[in-house]
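Peer 1: give me the fold of what follows.
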Amino acid sequence: MTGVRGTLVLALLVAVGAGILLYEGAPDRPGRPSQDPLGPPAGADSPEKVLPLLSFKPADITEVVLRSDGQVRVAKRQGGKWPETMPAGAVSDFLHNLSGLGELMRLDTSPDQLRECGLAPPQAEIELHRQHGEPLVLLLGEHNPAATGAYVRVGRNGHVALAGALILWEFDKAYKALGG
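Peer 2: Numbers count the residues shown, from 1 in each chain. Below is the predicted model:
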C-alpha cells in the first residue's frame with residue numbers, strides 16, 4: 001500500500017504544481033498585463049529614440065564617394081539613375097541601408113583617443129553629395145573591442161559615436177560594387 005499511496009501523493013503534488021504554473025502564467029488573468037516575451041519587460045520605460053548616423057533621404061543623393069586604402073570609388077546619379085556598370089541596385093541599397101543606421105552611443109573623445117578608435121587617420125570615408133546643401137561625411141574607424149560596433153565620426157571634425165558593426169559591412173559591400 002505504501003507504494004500506491006506514495007505514487008498518489010506524488011501525482012497530487014505534480015497536479016497542484018501544474019495548476020499553479022498554469023494559473024500564474026496566464027496572460028489574460030485580470031490585473032496582470034500580457035507581455036510579449038521578445039518585447040521590453042512589463043513596466044519598463046520605452047526605449048530611447050535612436051539618432052541616425054546621417055540624416056538624409058536616399059532620393060536626394062546625387063553622388064556617392066567612398067574612400068579606403070588610398071583609393072576613391074565614385075558613383076554619380078545621371079538622369080535619376082545610378083550607373084548600370086555596377087550590380088543592379090547596389091548604390092540604392094547602400095543608401096537605403098545607410099539611412100536606417102543609427103548611433104548606438106555618442107562618445108567623448110580627446111584627439112589622442114581618435115587614433116585608438118581608428119579615426120586618426122580614418123580607415124574609410126563615406127561622402128554623400130545632395131541636391132541641396134553641403135556633402136554629408138561619415139568617417140569609419142575600427143571595431144570596438146567586442147567587435148559588435150564600429151567607431152565613426154560624423155563629419156570631418158564632428159562628434160565620435162559608436163555605430164553597429166553593420167556599417168562596416170555595408171561600406172565593404174558598396175565599395176566592392178563600385179570597384180567594377
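Peer 1: pLDDT below threshold where in this protein?
Peer 2: 1-2, 9, 18-19, 21-48, 85, 180 (pLDDT under 70).
Peer 1: ok, now with 90
Peer 2: The chain contains residues with pLDDT under 90 at 1-51, 78-89, 110-112, 131-132, 178-180.
Peer 1: care to break it down by domain?
Peer 2: As assigned by automatic domain parsing, the chain contains the domains 1-38, 58-178.
Peer 1: can you list these in CSV and add distance to residue 52 and mean neighbour count?
Peer 2: Every residue, glycine included, has its C-beta placed from N, CA and C. Output for the domains of the chain, formatted as CSV (distance: least, Cβ to Cβ, whole Å; neighbours: other Cβ atoms under 10 Å):
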stretch, distance to residue 52, mean neighbour count
domain 1-38, 24, 9
domain 58-178, 5, 16
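Peer 1: would you turn those into JSON lines with distance to residue 51?
Peer 2: Listed next are the domains of the chain as JSON lines, based on distance: least, Cβ to Cβ, whole Å:
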{"stretch": "domain 1-38", "distance to residue 51": "24"}
{"stretch": "domain 58-178", "distance to residue 51": "5"}
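Peer 1: to residue 49, which of those lies closest?
Peer 2: domain 58-178 (8.9 Å; Cβ to Cβ).
Peer 1: the closest one: end-to-end distance?
Peer 2: 17 Å (Cα to Cα, to the nearest Å).
Peer 1: just the helices in this structure please.
Peer 2: Per DSSP state H, the chain carries helices over the ranges 2-25, 90-99, 111-116, 166-178.
Peer 1: just to revisit the earlier point, nearest to residue 50, out of the domains of the chain?
Peer 2: So among the domains of the chain, domain 58-178 is nearest, using Cβ to Cβ, at 3.6 Å.
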